[in-house]
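Enquirer: sequence first, predicted model second:
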Amino acid sequence: MSARESGSSQETAAAKGGFSARTGRRIEKKAHQPKRDRPHNWRTRVDPLLLVWEQELIPMLEKQPKLQAMTLFEYLQQKYPGKYGNSILRTLQRRVKQWRATHGSPKEVMFQQEHLPGVMGLSDFTELKSFEVTIQGKPLRHILYHYRLAYSGWQYVQIIQGGESFIALSQGLQNALHQSGGSPLEHRTDSLSAAYRNLGNHTNEDLTQMYQNLCQHYGIRPTRNNLGKSHENGSIESPHGHFKNRLHQAVLLRNSNDFTSIADYQQLIDSVIKRLNLNCSQKFDLERQHLQPLPPYRSADYEILSVRVTSHSTITVRCILYTVPSRLIGTKLTVHLYHDRLVGFIGTQQVVELHRLYVSADSPLRRARSINYRHVIDSLRRKPGALLHSTWQQDLLPNDNYRQLWQKLLVQFAPRNAARLMTESLYIAAKFDCETAVATFLEAQLLSGSLTLHSLQKHFLLADSDAVPTQVLSQHSLSKYDQLINHDFFTHHRDDDTSTAAQGIETFPSSPHLAAI
């Protein structure tokens, strides 16, 4: 066409284009594609569903619109054996899709929402399912609390041990609010049992009292999405996946999913969140100006319990038995129960802090115990025989290494001597914080057959005994005793014997040795 427009003849322009002059004339008249604007409404082969589509399949779809093409395909194969092969499956899927697009029922529409700065913050709990996290080789049973500001996308994530409790929600939300520097006007969650009683209404009467008090403390209006409508909480549900993917990549980058402590694991999460928050730093700086100021103090993010310490030096909290320092026996403790720890008070003085233990979901007894030998070692050292038949015997031994050493002690020594050696070892480990060193010493001594109580005590307690200076005792002179055998001395006192006896004063008999002298 460009050659024709420049003045070339039809033959010249066609030659330049590489086609005949006749085709050039048809192109110029726009007659080279006669069916271009016609819809493709003719068939090139016989319809394989001709006998069943309108007569059977459409009525079935009209009656049950959720029927899938695979279900209809299997129906045809069952009803007409050998007539409908796998080659028609793709045709049937395309036909059902076309029918739904033209005759199907209306679908749910997702309306894009406009979020204003400082208006909405969202909370939710999520699980890690793509990989497992371990702490010093042991699996960590946990969930993640996730908070996000809807406008800027600023996020906060915290490890939660246990379930979706109010304590976990309260601590996670307050930590997030204090890190962001303010509270939004509205807090959105799904129907968490930690926040809602789920009585079937959406009024304030459905709020739990503790959650209502928490929201009032920060001036937040509580809201939630409809039950089963997770997309209504999409501003937090979708970021779950993005964050967990980034966390998984960070774990792969460090070449290990094992951490030395929960704090070490939380530090990795914080680093991932920090990088994500850098992407929305400008919008967050704007939103922070619209957040409400925080109150001068936090709301309680723990549950208050009252327990008494038994004569066994134990307390029971949520069906879990915990040992506490024996000095607390007989006292009444006020316990602040957090999602990950217990803090005990006498009055306002903190006296003990314990790691909170959870029972495994598949445990039939729903009970467990947390025994720390350090709490009772002073008493156990005074009566080591108690270790032999104690119901806590395996719990008092700090780890599997010590349990193996205990079995070796029972083989090489009499039971009472084995108990004495183990209790002394635990005492040294507790007092000098050297569990590993004591275990190493025991293992080496047992291997060589030279372990004794004295060698154990000397190695850890009397290692500097050689540095103690030796005392030099000098004998005083015996010449001062010469007066006892002096004749004049005895003569002088003999006359006083009678008067002394008369006065009732006891006299000692003369020494036969002195008499002989």
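Expert: On my side now, so go ahead. Numbering: from 1, shown residues only.
Enquirer: contacts for the helix or strand harbouring residue 95, please.
Expert: Assessed by DSSP states H and E, residue 95 sits inside helix 89-103. Surrounding helix 89-103, the residues in contact under the criterion CB atoms under 8 Å, 6 or more residues apart in numbering are 48-49, 53, 58, 61-62, 65, 68-70, 72-73, 76. For glycine as for every other residue, the C-beta is placed from the backbone atoms N, C-alpha and C.
Enquirer: one more pass at 7 Å, please.
Expert: Here helix 89-103 makes contact (CB atoms under 7 Å, 6 or more residues apart in numbering) with 48-49, 53, 58, 61, 69, 72-73.
Enquirer: likewise stretch 407-425?
Expert: Residues external to stretch 407-425 that are found in contact with it (CB under 7 Å, 6+ apart): 380-381, 384-385, 387-388, 406, 438, 442, 446, 451, 453, 456-457.
Enquirer: what of stretch 255-272?
Expert: Counting by CB under 7 Å, 6+ apart, stretch 255-272 makes contact with 131-137, 157, 159, 246-247, 250-251, all of which sit outside it.
Enquirer: please redo it, this time with the cut-off set to 6 Å
Expert: Judged by CB atoms under 6 Å, 6 or more residues apart in numbering, the contacts made with stretch 255-272 from elsewhere in the structure are 131, 133-135, 157, 159, 246-247, 250-251.
Enquirer: so which of the residues you listed wins on neighbours?
Expert: residue 157 (24 neighbours; other CB atoms under 10 Å).
Enquirer: how much space between that one and residue 179?
Expert: Using CB to CB, to the nearest Å, one obtains 11 Å as the distance from residue 157 to residue 179.
Enquirer: ok, now residue 125?
Expert: For residue 125, the distance to residue 179 equals 18 Å [CB to CB].
Enquirer: the stretch 351-500 of the chain: helices as residue ranges?
Expert: In the stretch 351-500 of the chain, helices defined by DSSP state H, counting those that start in this stretch lie at 377-382, 386-389, 393-396, 400-412, 415-432, 435-448, 453-460, 487-494, 497-502, listed in chain order.
Enquirer: tell me which of those is the most buried.
Expert: Across the helices of the stretch 351-500 of the chain, the average number of neighbours (mean count of other CB atoms under 10 Å) peaks for helix 415-432, which reaches a mean of 20.
Enquirer: distance between stretch 17-31 and the chain's centre?
Expert: With CA atoms, centre = their mean, to the nearest Å as the basis, stretch 17-31 stands 76 Å off its chain's centre.
Enquirer: what comes up buried for that stretch?
Expert: Within stretch 17-31, the residues that qualify as buried are 24, 27, counting by 16 or more other CB atoms under 10 Å.
Enquirer: what comes into contact with it?
Expert: With CB under 6 Å, 6+ apart as the contact definition, stretch 17-31 has outside contacts at 10-11, 13-14, 32.
Enquirer: now which of these would you call buried?
Expert: For the contacts of stretch 17-31, buried by 16+ other CB under 10 Å: 13-14.
Enquirer: please identify which of the contacts of stretch 17-31 is nearest to residue 40.
Expert: Distance to residue 40 across the contacts of stretch 17-31 (CB to CB) is lowest for residue 32, with 18.1 Å.
Enquirer: low-confidence ranges, the stretch 351-500 of the chain, go.
Expert: 361-364, 462-473, 485-500 (pLDDT under 70).
Enquirer: are we agreed that residue 188 is in a strand?
Expert: Yes: using DSSP: H, G, I helix; E, B strand; the rest coil, the secondary structure at residue 188 is a strand.
Enquirer: that one: how many residues sit nearby?
Expert: Once other CB under 10 Å is used to define contacts, residue 188 is seen to have 21 neighbours.
Enquirer: where do the strands of the stretch 51-200 of the chain begin and end?
Expert: Taking DSSP state E, counting those that start in this stretch as the test, the strands found in the stretch 51-200 of the chain are 120-126, 134-135, 138-139, 143-149, 155-160, 186-189.
Enquirer: dump stretch 130-146 to PDB, keeping only the CA atoms.
Expert: What follows is the C-alpha trace of stretch 130-146 in PDB, where atoms were taken according to Å, rounded to 0.1, in the frame of the first residue of the first chain:
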ATOM      1  CA  SER A 130       5.200 -24.800  54.500                       C
ATOM      2  CA  PHE A 131       8.100 -25.500  56.900                       C
ATOM      3  CA  GLU A 132       8.900 -26.400  60.500                       C
ATOM      4  CA  VAL A 133      10.800 -24.300  63.000                       C
ATOM      5  CA  THR A 134      12.800 -26.000  65.700                       C
ATOM      6  CA  ILE A 135      14.500 -24.600  68.900                       C
ATOM      7  CA  GLN A 136      17.700 -26.500  69.700                       C
ATOM      8  CA  GLY A 137      16.400 -29.400  67.700                       C
ATOM      9  CA  LYS A 138      12.900 -29.600  69.200                       C
ATOM     10  CA  PRO A 139       9.900 -28.600  67.200                       C
ATOM     11  CA  LEU A 140       8.300 -25.300  68.300                       C
ATOM     12  CA  ARG A 141       4.500 -25.400  68.500                       C
ATOM     13  CA  HIS A 142       3.400 -21.900  67.800                       C
ATOM     14  CA  ILE A 143       1.300 -19.500  65.700                       C
ATOM     15  CA  LEU A 144       2.000 -16.000  64.500                       C
ATOM     16  CA  TYR A 145       0.100 -12.900  65.500                       C
ATOM     17  CA  HIS A 146      -0.100 -10.500  62.500                       C
END
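Enquirer: in it, what counts as buried?
Expert: 133, 140, 142-146.
Enquirer: residue 218: which of those residues is nearest?
Expert: Nearest to residue 218 among the buried residues of stretch 130-146 is residue 145, at 16.2 Å by CB to CB.
Enquirer: can you read off the pLDDT for the nearest residue to the closest one once chain neighbours are set aside?
Expert: Beyond its immediate neighbours in the sequence, the residue positioned closest to residue 145 (CB to CB, 6 or more residues apart in numbering) is residue 172, lying 3.4 Å away. As predicted, residue 172 sits at a pLDDT of 93.
Enquirer: again, but for residue 228
Expert: Model confidence at residue 228, given as pLDDT, is 52.
Enquirer: same for the helix ranked longest in the chain, what does it pack against?
Expert: Among the elements of type helix in the chain, defined by DSSP state H, the one spanning the most residues is helix 234-253. For helix 234-253, the contact count by 3 or more CB pairs under 6 Å, 6 or more residues apart in numbering; DSSP states H and E identifies strand 120-126, helix 262-278 as packing neighbours.
Enquirer: and the pLDDT at residue 188?
Expert: The confidence metric pLDDT takes the value 89 at residue 188.
Enquirer: what pairs with the residue nearest to it when sequence neighbours are not counted across the strands?
Expert: For residue 188, the nearest residue in space outside its immediate sequence neighbours is residue 122; the separation is 4.6 Å by CB to CB, 6+ apart. Per DSSP bridges, the residues bridged to residue 122 are residue 148, residue 188.
Enquirer: returning to that earlier point: who has more neighbours out of residue 125 and residue 179?
Expert: Between residue 125 and residue 179, counted using other CB under 10 Å, residue 125 has the larger neighbour count: 20 against 14.
Enquirer: confidence score at the more buried one?
Expert: The predicted local distance difference test score for residue 125 is 91.
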